[in-house]
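**Student:** Sequence and predicted structure below; questions after.
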Amino acid sequence: DTAVSQTPKYLVTQMGNDKSIKCEQNLGHDTMYWYKQDSKKFLKIMFSYNNKELIINETVPNRFSPKSPDKAHLNLHINSLELGDSAVYFCASSRDGRYGYTFGSGTRLTVV
Amino acid sequence: GENVEQHPSTLSVQEGDSAVIKCTYSDSASNYFPWYKQELGKGPQLIIDIRSNVGEKKDQRIAVTLNKTAKHFSLHITETQPEDSAVYFCAASGPGNQFYFGTGTSLTVIP
């Protein structure tokens, strides 16, 4: 029973397309996150949601938009994809920030 | 905001030897420091953590130490095994339930 699940695992798409990545957690956690991991393995936070409210939005292009229909889901929508968007995107969740994250297995996005 | 530095970026050790990864942080308000292990093709997995009211914590072959005064914390792996090969990340807690990650250490254990 996967705790944090992301779909799809791999996504190859052309520049200019719009795509979505889905994330679901069954841990009952209050906060969910999206991280981008570049080719050098650096983890950079993109968004976090707490009780359906966006509480952090780092310097991410507005082509990226998180959508959380409920506490267990945080989807990532990306418009007008660019080559530089190619990376691995991780969803994560945490109980209340006093505990570590549980990460999903990642979505490898390749923009061609 | 918080700045977490991690060293070394790559580390190779012989099987059975010890490995040490060090991190420093800048925000004195940080009070929770988790460590993650990321195996190839997988998401980071929490392996051990330490809170600011504790100086050391051990779990079998892994241990973490924290020096709040110097803003240093370290991961120690003893009796390394090939399955310890992975990328390790340190992190420090920040505002808004956020964690700031180090840049990662690629550990290779040579059989």
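**Tutor:** Structure's in. What do you need? Numbers count the residues shown, from 1 in each chain, chains lettered A, B, ... in the order given.
**Student:** Get me the contact residues on chain A for chain B.
**Tutor:** Applying C-beta under 8 Å from any C-beta of the partner chain, we find that chain A lies next to chain B at A:4, A:30-31, A:33, A:40-43, A:45, A:48, A:50, A:55-56, A:90, A:92, A:94, A:96-106. From N, CA and C alone the C-beta is placed, and that goes for glycine too.
**Student:** A ChimeraX selection for these, restricted to the buried ones, would help me check which they are.
**Tutor:** Burial among the residues of chain A next to chain B is assessed by 16 or more other C-beta atoms under 10 Å in any protein chain shown; the matching ChimeraX selection reads:
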select /A:4,31,33,41,43,45,48,50,56,90,92,94,97,100,101,102,103,104,105,106
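**Student:** The residues of chain A next to chain B in strands, which ones?
**Tutor:** A:4, A:31, A:33, A:43, A:45, A:48, A:50, A:55-56, A:90, A:92, A:94, A:102-103 (DSSP state E).
**Student:** Looking at these, which has the smallest pLDDT value?
**Tutor:** Ranked by pLDDT, those bottom out at residue A:56, which has 69.
**Student:** List the residues that contact residue B:100.
**Tutor:** B:1-4, B:25, B:30, B:91-92, B:94 (C-beta atoms under 8 Å, 6 or more residues apart in numbering or on different chains).
**Student:** now, which of the residues you listed sits nearest residue B:79?
**Tutor:** residue B:91 (24.8 Å; C-beta to C-beta).
**Student:** Spatially central residue for chain A, please.
**Tutor:** Note on chain A: the residue nearest the mean C-alpha position is residue A:34, at 3.1 Å, using C-alpha atoms, centre = their mean.
**Student:** Identify the residue spatially nearest to that one, adjacent ones excluded.
**Tutor:** Counting by C-beta to C-beta, 6 or more residues apart in numbering or on different chains, residue A:46 is the residue found nearest to residue A:34 once chain neighbours are left out, at 4.4 Å.
**Student:** Can you classify residue A:84 as helix, strand or coil?
**Tutor:** When classified by DSSP: H, G, I helix; E, B strand; the rest coil, residue A:84 comes out as helix.
**Student:** contacting residues around it?
**Tutor:** The contact partners of residue A:84, by C-beta under 8 Å, 6+ apart, come to residue A:111.
**Student:** what about it, distance to chain B?
**Tutor:** 19 Å (C-beta to the nearest C-beta, to the nearest Å).
**Student:** Please apply the same query to residue A:22.
**Tutor:** Distance from residue A:22 to chain B, by C-beta to the nearest C-beta: 15 Å.
**Student:** ok, and what's touching the helix-or-strand element of chain A with minimal mean pLDDT?
**Tutor:** With mean pLDDT, DSSP states H and E as the measure, the helix or strand of chain A carrying the lowest mean pLDDT is strand A:53-57 (a mean of 74). For strand A:53-57, the surrounding residues in contact (C-beta under 8 Å, 6+ apart) are A:31, A:45, A:47-49, A:66, B:96-98.
**Student:** one step back: hmm, the residue nearest to residue A:34 is touching residue A:64, no?
**Tutor:** Yes: counting by C-beta atoms under 8 Å, residue A:64 is a contact partner of residue A:46 at 6.4 Å.
**Student:** list the residues that contact both of the two?
**Tutor:** residue A:76.
**Student:** Can you report how many residues neighbour residue B:81?
**Tutor:** Residue B:81: 12 surrounding residues under other C-beta atoms under 10 Å in any protein chain shown.
**Student:** what's the answer for residue A:73, then?
**Tutor:** Neighbours of residue A:73 (other C-beta under 10 Å): 16.
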